[in-house]
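Asker: Sequence first, predicted model second:
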Amino acid sequence: MSVEAVFPELAPYRARTTRLHPRPGRPGMHDSHVGGPMLWPDSEQWPLCHEPHHHETEGYAPEEIRGARAAGVWPPSWPWPPAGTPGLDGPVPFVGLAQFFRRDIPGLVCGPDGADLVQLFRCPFTHGLYLERRYRLQWRRARDTEHAERFLAAPPEVPLLRWEHELPEPCVLHPEEVDTYPWAEDDTLPASLIARIDAWDDAQVAEHGPGAPSYQYDLSIPPGWRVGGYPSWASTGPMVIDCASCATLMRLLLTAEGYEMDAGSHSWVPLEDRDPPLRGKASIRGGQSVAQPTRLRFGRDRDLHVFTCPADPGHPPQWVLA
């Protein structure tokens, strides 16, 4: 279904996004990936989180998580070690989540000084009363970095992770560019157009039942990891994200999500992953390696939107769970 055939007024709002389609594999440090080895010069210190962390009660050892996944079982959990245990108190190493080269993803915007490689990290532990997360972006010029004399063979790890889903599964990418349109709520689009979209959604449900296609989930914004395009606002409602340094309206750099597909976004499921006679979750072939390939979660199964400043990419990014 062509969304502009139903709503021609959306044509001026059309924007491209690159769906990354991660799948479990064996990416190398010179590849774009989720969960693979980072292109990290051996002469540079691995990023550390120096903030106080929330006290935990139990956790999972990274190597046991990897072994359990390979065996198709759940890893054992262990009581949290006492205070003073090396690697758990004081600064802790960030977990490398993903890296993207602009040569692989043309829609990826450049970073400071023309940087064309971006690396995403997350602290493995939570912070404060509200269990907040800390993320980090590292921008690089790929050609300069690839000329380093030596690279870090294995990044430092904490001995225990609080949750199994803190450890990403190494995934290769299969980029696909698609058109996207704004989330239709509040003032993201003209009020008259949003009213027409809402009326169309209601008519679809009346005619086809609860599983009918809807604008928000089937026509506007795809699920899963993606670069550029529009953010989804299913959990929070639309938000205005301004740069804290210069007040410029920020743009969406990338979205990370735990699930690549679900019953609410059936139309975005790749054809090769569908069982055509079936609908919803039952129609997805391939199980967890297709529906949740990275094994990561963000918040309570929300989208992590990473925003950067178009006026100056060197300004601090903003992280929004929506």
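Answerer: Now that the structure is in, tell me what you want to look at.

Asker: Show me which positions of the helix or strand bottoming out on mean pLDDT in the chain end up buried.
Answerer: Here the helix or strand of the chain ranked lowest by mean pLDDT, DSSP states H and E is helix 288-291, holding a mean of 86. Within helix 288-291, the residues scored as buried using 16 or more other CB atoms under 10 Å are 290-291. Placement of C-beta: from N, CA and C, glycine included.

Asker: For that helix, which outside residues touch it?
Answerer: 23-24, 259-262, 273, 281, 284 (CB atoms under 8 Å, 6 or more residues apart in numbering).

Asker: can you check stretch 137-149 too?
Answerer: Contacts for stretch 137-149 (CB under 8 Å, 6+ apart): 30, 39, 41-43, 47, 101-103, 111-121, 306, 308, 313, 317.

Asker: Can you point out the buried residues in that stretch?
Answerer: 137-142, 145.

Asker: Pipe the residues you listed into CSV and attach secondary structure and distance to G59 per row.
Answerer: Below are those laid out as CSV (DSSP: H, G, I helix; E, B strand; the rest coil; distance: CB to CB, whole Å):
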residue, secondary structure, distance to G59
L137, strand, 26
Q138, strand, 26
W139, strand, 31
R140, strand, 31
R141, coil, 37
A142, helix, 35
T145, helix, 33
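
Asker: just those now: which is nearest G237?
Answerer: Checking these against G237 with CB to CB, the nearest one is L137 at 25.4 Å.

Asker: So which residues of the stretch 51-200 of the chain form strands?
Answerer: Ranges of strands in the stretch 51-200 of the chain, per DSSP state E, counting those that start in this stretch, are 58-59, 78-79, 92-93, 95-101, 117-122, 135-140, 171-172, 176-180.

Asker: for the longest one, the distance to its chain's centre please.
Answerer: This points to strand 95-101. Strand 95-101 sits 10 Å away from the centroid of its parent chain (CA atoms, centre = their mean, to the nearest Å).

Asker: Ok, the first one next?
Answerer: Its chain's average C-alpha position is 25 Å from that of strand 58-59, according to CA atoms, centre = their mean.

Asker: What is it packed up against?
Answerer: When contacts are defined as 3 or more CB pairs under 8 Å, 6 or more residues apart in numbering; DSSP states H and E, strand 58-59 sits against strand 78-79.

Asker: how about low-confidence regions in the stretch 51-200 of the chain?
Answerer: Across the stretch 51-200 of the chain, the ranges flagged by pLDDT under 70 are 87.

Asker: my guess is R133 contacts R122, does it?
Answerer: Yes. With contact defined as CB atoms under 8 Å, R133 reaches R122; the gap is 6.2 Å.

Asker: out of the two, which sits in the more crowded spot?
Answerer: More neighbours surround R122 than the other of R133 and R122, with 22 against 15 (other CB atoms under 10 Å).

Asker: For that one, give me its contacts.
Answerer: Each residue near R122 by CB under 8 Å, 6+ apart is listed here: 94-95, 97, 133-136, 166.

Asker: Which one of those residues is nearest to V205?
Answerer: R133 (35.8 Å).

Asker: mind listing what the closest one touches?
Answerer: Taking CB under 8 Å, 6+ apart, one finds 122-123, 126-127, 299, 319 in contact with R133.

Asker: I only care about these that end up buried; give me the PyMOL line for that.
Answerer: Of the contacts of R133, the buried ones can be selected in PyMOL as follows, counting by 16+ other CB under 10 Å:
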select buried, resi 122+123+126+319
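
Asker: which one of the contacts of R133 is nearest T17?
Answerer: Using CB to CB, the contacts of R133 come closest to T17 at W319, 18.4 Å.

Asker: How much space separates the most centrally placed residue in the chain from R16?
Answerer: Against the mean C-alpha coordinate of the chain, by CA atoms, centre = their mean, the closest residue is A256 at 0.7 Å. Distance, A256 to R16, by CB to CB, to the nearest Å: 18 Å.

Asker: cool, and A153?
Answerer: 37 Å.

Asker: Tell me which of the two has more neighbours.
Answerer: R16 (13 against 9).

Asker: Next up, the contacts around the residue of the chain positioned farthest from its centre.
Answerer: Note on the chain: the largest C-alpha distance from the chain mean falls to E207, namely 34.4 Å (CA atoms, centre = their mean). Not one residue lies near E207 by CB under 8 Å, 6+ apart.

Asker: how near is it to D201?
Answerer: Note on E207: its distance to D201, by CB to CB, is 11 Å.

Asker: what do you get for P22?
Answerer: Counting by CB to CB, the gap from P22 to D201 is 30 Å.

Asker: The two: which is more packed in?
Answerer: Between P22 and D201, counting by other CB under 10 Å, P22 is the more crowded of the two (28 against 19).

Asker: Not counting sequence-adjacent ones, nearest residue to that one?
Answerer: Excluding the flanking residues, the one nearest P22 by CB to CB, 6 or more residues apart in numbering is C171, at 3.5 Å.
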